[in-house]
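[1] Here is my input, please return the structure:
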Amino acid sequence: QVNLVESGGRWVQPGGSLRLSCTASGHTSTLTSMGWYRQAPGKEREFVVGLNWVDDAMYYGDSAKGRFTISRDSDKNTIHVQMTRLTREDTAIYYCAVVLPGRSWYSVADVAYWGQGTQVTVSP
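    As a prediction, the model looks like this:
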């Protein structure tokens with residue numbers, strides 16, 4: 001079992017930046033890939049960004065390309081996503097996620113573990 005705890009969600013103005021963090025605990029020795037999904041009101045859960053540190057690969061959803069950057073603190077089992085040029089359309093609950101080896105970041109059904117989520121609100 002892996003537990004994920006997110007932090008950093010808050011209100012931010014359009015055009016602003018925000019950094020979210022997620023720390024994993026439990027059976028973390030076998031983890032190779034962590035990332036983020038989000039879900040806006042009335043919409044399906046959407047892939048944002050993922051990181052596989054074994055092959056040093058990063059995966060981006062369309063909404064994140066060119067604006068979001070994912071990173072990792074290996075000694076703390078923690079990942080971060082730096083989000084820039086935020087718009088109202090980025091308002092959502094952001095969920096930290098774990099994908100196991102051989103699975104895809106682009107399929108929500110392949111996510112093995114979810115965090116509780118952290119709310120990001122972008123508005124004037």
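[2] Next, find the distance separating Trp11 from Glu89.
    Shown here: Trp11 relative to Glu89, a distance of 15 Å by Cβ to Cβ, to the nearest Å. C-beta: built from backbone N, CA, C; applies to glycine.
[3] again, but for Ser63
    Taken as Cβ to Cβ, the span from Ser63 to Glu89 is 7 Å.
[4] Does Val12 touch Leu18 like I think?
    Yes: the criterion here is Cβ atoms under 8 Å, and Val12 meets it with Leu18 at 5.1 Å.
[5] which residues are in contact with both of the two?
    Listed as contacting both Val12 and Leu18 by Cβ atoms under 8 Å, 6 or more residues apart in numbering are 86, 120.
[6] Can you mark which positions in stretch 27-40 are buried?
    In terms of neighbour count (16 or more other Cβ atoms under 10 Å), stretch 27-40 has its buried residues at 31, 33-38.
[7] Would you convert those residues into JSON lines that also reports pLDDT?
    Formatted as JSON lines, the entries for those read as follows, by pLDDT from 0 to 100:
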{"residue": "Leu31", "pLDDT": "91"}
{"residue": "Ser33", "pLDDT": "95"}
{"residue": "Met34", "pLDDT": "96"}
{"residue": "Gly35", "pLDDT": "97"}
{"residue": "Trp36", "pLDDT": "98"}
{"residue": "Tyr37", "pLDDT": "98"}
{"residue": "Arg38", "pLDDT": "98"}
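[8] got the residues you listed as TSV, with distance to Val5 and secondary structure columns?
    Listed next are the buried residues of stretch 27-40 as TSV, based on distance: Cβ to Cβ, whole Å; DSSP: H, G, I helix; E, B strand; the rest coil:
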residue	distance to Val5	secondary structure
Leu31	14	coil
Ser33	18	strand
Met34	12	strand
Gly35	15	strand
Trp36	13	strand
Tyr37	15	strand
Arg38	17	strand
